[in-house]
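Enquirer: got a structure for you, letters missing:
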């Protein structure tokens, strides 16, 4: 099972757009799908994340917010891929 990345953000957030664009090479390299969630569509998410967006999670674990931490995301995706291979 592939890792799941979730990006919480807002449609009008330039940092969210920047993080999404910066993620593209990693998504392609690892074949990972990105779920993009607009926090303004859900009051609970808006209360939780509010001005902290963008927030990137991998399998529910926060990896970074505001700016992409490519090293941390890459490490998480490598670890997730190794785990998936070990389970097979």
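Expert: Sure, I can see it. Note that the structure is a prediction, hence the values are computed from the model and not measured.
Enquirer: What ranges does this structure have for its strands?
Expert: 4-9, 33-38, 55-58, 61-65 (DSSP state E).
Enquirer: So what's the gap between the shortest one and the chain middle?
Expert: Okay, so that is strand 55-58. Between the centre of strand 55-58 and the centre of its chain there are 3 Å (C-alpha atoms, centre = their mean, to the nearest Å).
Enquirer: Could you check stretch 2-12 and say which residues are buried?
Expert: By 16 or more other C-beta atoms under 10 Å, the buried positions in stretch 2-12 come out as 3, 5, 6, 7, 8, 9, 10. Glycine gets a C-beta too; all of them are placed from N, C-alpha and C.
Enquirer: Report the beta-bridge partner residues of the fifth one.
Expert: Using DSSP bridges, the beta-bridge partners of residue 8 come out as residue 37, residue 55.
Enquirer: Is it correct that residue 40 is in contact with residue 10?
Expert: Yes: counting by C-beta atoms under 8 Å, residue 10 is a contact partner of residue 40 at 5.6 Å.
Enquirer: circling back to that earlier point, so which of the buried residues of stretch 2-12 is the closest to residue 34?
Expert: residue 5 (4.9 Å; C-beta to C-beta).
Enquirer: Could you list the buried residues of the helix or strand bottoming out on mean pLDDT in the chain?
Expert: Every helix and strand in the chain was compared by mean pLDDT, DSSP states H and E; the lowest is helix 70-87, with a mean of 89. Buried residues in helix 70-87, defined by neighbour count with 16+ other C-beta under 10 Å: 73, 76, 77, 80.
Enquirer: coming back round to it: mind putting the buried residues of stretch 2-12 in a markdown table, distance to residue 52 included?
Expert: Below are those laid out as a markdown table (distance: C-beta to C-beta, whole Å):
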| residue | distance to residue 52 |
| --- | --- |
| 3 | 22 |
| 5 | 17 |
| 6 | 14 |
| 7 | 13 |
| 8 | 9 |
| 9 | 10 |
| 10 | 11 |
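Enquirer: ok, the closest residue to residue 48 other than its chain neighbours - contacts?
Expert: Excluding the flanking residues, the one nearest residue 48 by C-beta to C-beta, 6 or more residues apart in numbering is residue 39, at 7.7 Å. Shown in contact with residue 39 (C-beta atoms under 8 Å, 6 or more residues apart in numbering): 8, 9, 10, 45, 46, 48, 49, 50, 53.
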